[in-house]
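Student: Here is a sequence with its predicted model. Questions after.
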Amino acid sequence: MSLMKKIIQIVISAGIILVALILILAPKGALEDVAVIISLLLFVAGVRYMVMYFTLARHMVGGRALFYIGLIMLDVSILSGLVLQKSQRLILLYLVGMHAFYGVVQLLRAFEAKKYETSAWRFKLLNALVNLAISVACIFFIRQENTMALIFAAGLIHTAIVRVIAAFRKEEEVVIQ
């Protein structure tokens, strides 16, 4: 990773931690803020996929899948922005589903990395377990709004830490002879 990309990752991580600290310091009424954050993150991810498709991936094999993923993420961001503002229960279920899905995906990636004997499998396994633990914590505290905001903030801090670690991780090089 180049120095500029590392700096960008650190700045993004600092912004994520700042948002998490705001949620920790003012947890009352934070579920509406969580809904806005989720909608914005999905919108940014959707736009990112669309830009990637139109700049590079439309000429690649399987590039059309990025277009569809971006389109679906944009639709889900608009839908979640409208629906999540109205129902606190949906926000909580959305958080549970998001962390559980990401935890399972990371767990599968960790097992795959272990199968190929890479050194990063432990980190991926730890990341998966943290996401699954956040999902379980969301289920147990689903009725408490303040606690849910704190759990979401903890998930944001975890994401920021993972991004910083990934920025400074030494990349493996593959040499083909």
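Tutor: Yep, it's here. Values in this document were obtained by computation on a predicted structure and should not be read as measured data.

Student: residue ranges with poor pLDDT in the chain?
Tutor: Per-residue confidence for the chain (pLDDT under 70) gives these ranges: 85, 145, 171-177.

Student: For stretch 93-102, which outside residues touch it?
Tutor: The contact list for stretch 93-102 (CB atoms under 8 Å, 6 or more residues apart in numbering) reads 34, 38, 80, 84, 131-132, 134-135, 138-139, 142, 148, 151-152, 155. For every residue, glycine as well, the C-beta is placed using N, CA and C.

Student: In helices, which of these fall?
Tutor: Among the contacts of stretch 93-102, DSSP state H puts 34, 38, 80, 131-132, 134-135, 138-139, 148, 151-152, 155 in helices.

Student: Please indicate which of those residues are buried?
Tutor: Applying a neighbour-count criterion of 16 or more other CB atoms under 10 Å, the buried members of the ones in helices among the contacts of stretch 93-102 are 34, 38, 80, 131-132, 134-135, 138, 148, 151-152, 155.

Student: how about those residues in JSON lines, adding distance to V104?
Tutor: As requested, these are exported to JSON lines (distance: CB to CB, whole Å):
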{"residue": "V34", "distance to V104": "22"}
{"residue": "I38", "distance to V104": "19"}
{"residue": "S80", "distance to V104": "20"}
{"residue": "N131", "distance to V104": "9"}
{"residue": "L132", "distance to V104": "8"}
{"residue": "I134", "distance to V104": "13"}
{"residue": "S135", "distance to V104": "9"}
{"residue": "C138", "distance to V104": "15"}
{"residue": "M148", "distance to V104": "21"}
{"residue": "I151", "distance to V104": "18"}
{"residue": "F152", "distance to V104": "19"}
{"residue": "G155", "distance to V104": "15"}
